[in-house]
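[1] What would the 3D arrangement of this be:
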Amino acid sequence: MKTGESKTNATNEPLRMKEIGYVSPRTGVRWIPVIGLEVHCQLKTRTKLFCGCEYHFGASPNSITCPKCTGQPGALPVLNREALALAVRAALALDCRVAEQSKFDRKNYFYCDLPKGYQISQYDRPYCTGGGIQLASGKFVRLTRIHMEEDAGKAIHDRGDMTLVDLNRAGVPLIESVTEADIQTAEEAHDYLTSLKEILQYVGASDCDMEKGSLRCDVNISVHPVGEPWRTKVEIKNLNSFRFVAAAIEYEIARQVEAYESGDPAQHPVQETRLYDPQKGVTRTMRSKESAHDYRYFAEPDLPPVHVDAAWLARERSTIPELPASRRARYVADMGLSVKDAGVLTSERVVADFFEAAARISGKPKECSNWIQNELLRMVGDPEVGATRFEEIALRPHDLASLVELVDKGTLQTNGARTVLREMVKTGKNARTLVTELGLEQVQDTAAIERWCREALVGKEKIVEDVRAGKPNALNALLGPVMKASGGKANAQLVRETFLRILGVS
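    Sure, this is the predicted structure:
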């Protein structure tokens, strides 16, 4: 929410934002939100964190389990080295300090989807600390830590009077990143999550598919009057979309302000865990919030400490690609793209890689940018194309570069090029072949174009007068008849030049 905008609290009274914080219309008090995020991200490994089960989303319930991930007596965990490598890559990309030695701990609590009765996580010695993300606004959001842990299973509560448990996710490798309480608005939270998702996808640590549960967010939030100490924080658990994160924060700020201003201490926020109901747009109590001692952490006796030596760390660091923020800045500075266009192109690494290759081959970054944004990205999800992701579109960078070249040379008009591009994607044929097959090559015959132009000028004395009077845009009314006569194939620039020559206008 930007300065001067308003938001609605639980009683539909607007809270006006002014500078930092939200000003209550009831009391005039400026309330400062204090927000921290805990983000659980599934690592992009073939197998689970401590066993060899090959996890894939959508499998039949309880079909991807073994004695290790179901907590059978005597089954011992073995750390997945690839999971550690991906976790380290994520840490390096976020400028964290990777510990030379870390350890795993047992986090003890009972729930039906936790088969061992504890979760293997990291407590006092996580694998990395520090780091953070700089938002587009320039604000830097600090990370406290990132730790590795295994996921729990899934409890299904919508079966009437019974709860079903699917343990397929039990043991799936996660990293949990925890920010400092540096965030103060829903917009900052959204921007942080967007940047985090981009970075994790760029380095290949995760696909961050929220619809499949690969990225989940918990929000810790409190409010306090400006100049006063921080107050009790509330956790909002298991938010699975950035939109829900922003909406939950907006609601919770208003709810807490209203509670403090009620004058009744019994209504003041308490330390608890709440859930967000997207249907009603409200948060509601889930359970009282546990503290660290409630989990009775102790070192995992079945796993040795984790060692990351300098040589291995250097090898992982060498695999980190150029990150989105750096690419955006380079596209603007070196390629002349707008900030908005650069943002769209770098939101996914596969799109950015495709764009750079096409731009390098064609030498025309702006044109490639336009075709990718206006045509290719719109094909994602198109049933005729059959691609649900950009990388599934059957087109190579040099194919797009060849199409850009045909348009630039005047061989093909823009409308015809759209047809050709779609056919390229559907058939796999190259642009030049399709131009010939579809009969879309522009007419360059100057004699034919002059004949069509002279026919279009018949009876158009007013337009002729306007053009000769210094109004060249009046020619636009004559382009249509020429295009119709040529079947849409006349070179538009050549048509315009021919009109001006006939009329004696330089």
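[2] right, and the helix or strand after the helix or strand harbouring V344?
    Secondary structure assigned from DSSP states H and E places V344 in helix 339-346. Downstream of helix 339-346, the first helix or strand assigned by DSSP H and E is helix 349-362.
[3] In the helix or strand hosting A456, which residues are buried?
    Per DSSP H and E, A456 falls inside helix 446-457. Using 16 or more other C-beta atoms under 10 Å as the test for burial, helix 446-457 gives I449, E450, W452, C453, A456, L457. Using the backbone N, CA and C atoms, a C-beta is placed for each residue, glycine as well.
[4] for that helix, the distance to its chain's centre please.
    Helix 446-457 has its C-alpha centroid displaced from the chain centroid by 52 Å (C-alpha atoms, centre = their mean, to the nearest Å).
[5] quick one: contacts of the helix or strand following it?
    Following helix 446-457 in sequence order, the next helix or strand is helix 461-468 (DSSP H and E). With contacts defined as C-beta atoms under 8 Å, 6 or more residues apart in numbering, helix 461-468 is touched by L457, A474, L475, A477, L478, F499, L500, L503, G504, V505.
[6] thinking again about what came up before, got the buried residues of helix 446-457 as a markdown table, with pLDDT and distance to A401 columns?
    Formatted as a markdown table, those follow (pLDDT from 0 to 100; distance: C-beta to C-beta, whole Å):
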| residue | pLDDT | distance to A401 |
| --- | --- | --- |
| I449 | 80 | 28 |
| E450 | 83 | 33 |
| W452 | 84 | 32 |
| C453 | 85 | 33 |
| A456 | 87 | 35 |
| L457 | 88 | 39 |
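[7] Can you tell me which of those lies closest to L395?
    The closest of those to L395 turns out to be I449 (C-beta to C-beta; 32.5 Å).
[8] contacting residues around that closest one?
    Contact analysis of I449 by C-beta under 8 Å, 6+ apart lists V443, V482, S486, A490, N491, L494, V495, T498.
[9] before we move on, back to that, adding secondary structure and distance to L135 as columns, could you present the contacts of helix 461-468 in TSV?
    Formatted as TSV, the contacts of helix 461-468 follow (DSSP: H, G, I helix; E, B strand; the rest coil; distance: C-beta to C-beta, whole Å):
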residue	secondary structure	distance to L135
L457	helix	58
A474	helix	49
L475	helix	48
A477	helix	49
L478	helix	51
F499	helix	52
L500	helix	51
L503	coil	56
G504	coil	58
V505	coil	53
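[10] Now the buried members of the residues you listed.
    L457, A474, L475, L478, F499, L503.
[11] how near is the second one to D466?
    A474 sits 4 Å away from D466, going by C-beta to C-beta, to the nearest Å.
[12] domains of the chain?
    Domain assignment for the chain by automatic domain parsing gives 6-306, 323-438, 446-502.
[13] could you point out where the stretch 301-450 of the chain is predicted with low confidence?
    442-445 (pLDDT under 70).
[14] what ranges do the helices span in it?
    With DSSP state H, counting those that start in this stretch as the criterion, the stretch 301-450 of the chain has helices at 310-318, 324-335, 339-346, 349-362, 365-371, 377-379, 397-408, 414-427, 431-438, 446-457.
[15] G480 looks like it's in a helix, true?
    Yes - using DSSP: H, G, I helix; E, B strand; the rest coil, the secondary structure at G480 is a helix.
[16] Tell me the pLDDT of it.
    For G480, the pLDDT comes out at 84.
[17] same deal with K471?
    Looking at K471, its pLDDT is 84.
[18] Next: I253.
    pLDDT, read off for I253, is 95.
[19] Mind giving me the packing neighbours of the lengthiest strand in the chain?
    Identified as the longest strand of the chain according to DSSP state E is strand 30-42. Taking 3 or more C-beta pairs under 8 Å, 6 or more residues apart in numbering; DSSP states H and E as contact, the helices and strands that strand 30-42 lies on are strand 22-23, strand 173-179, helix 186-202, strand 215-225, helix 242-261.
[20] helices or strands up against the shortest one?
    Other helices and strands packing on strand 22-23, by 3+ C-beta pairs under 8 Å, 6+ apart, are strand 14-17, strand 30-42.
[21] As JSON lines, the ones you listed with mean neighbour count, distance to S288 and mean pLDDT would be great.
    Converted to JSON lines, those look like this (neighbours: other C-beta atoms under 10 Å; distance: least, C-beta to C-beta, whole Å; pLDDT from 0 to 100):
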{"stretch": "strand 14-17", "mean neighbour count": "18", "distance to S288": "27", "mean pLDDT": "44"}
{"stretch": "strand 30-42", "mean neighbour count": "21", "distance to S288": "18", "mean pLDDT": "96"}
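[22] Turn those into JSON lines, columns for distance to G74.
    What follows is the helices and strands packed on strand 22-23, written out as JSON lines (distance: least, C-beta to C-beta, whole Å):
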{"stretch": "strand 14-17", "distance to G74": "57"}
{"stretch": "strand 30-42", "distance to G74": "28"}
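[23] closest to R216 out of these?
    Of the helices and strands packed on strand 22-23, the one closest to R216 (C-beta to C-beta) turns out to be strand 30-42, at 4.7 Å.
[24] CA atoms of the following helix or strand past the closest one as CSV?
    Remark: after strand 30-42, the chain's next helix or strand is helix 81-93, criterion DSSP H and E. The C-alpha trace of helix 81-93 is given here as CSV (Å, rounded to 0.1, in the frame of the first residue of the first chain):
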residue,chain,number,x,y,z
ARG,A,81,24.1,-35.0,-0.8
GLU,A,82,22.3,-33.4,-3.7
ALA,A,83,19.9,-31.7,-1.2
LEU,A,84,22.8,-30.3,0.7
ALA,A,85,24.4,-29.0,-2.6
LEU,A,86,21.1,-27.3,-3.6
ALA,A,87,20.7,-25.8,-0.1
VAL,A,88,24.3,-24.4,-0.3
ARG,A,89,23.6,-22.9,-3.7
ALA,A,90,20.6,-21.2,-2.4
ALA,A,91,22.6,-19.8,0.5
LEU,A,92,25.4,-18.5,-1.8
ALA,A,93,22.9,-16.8,-4.1
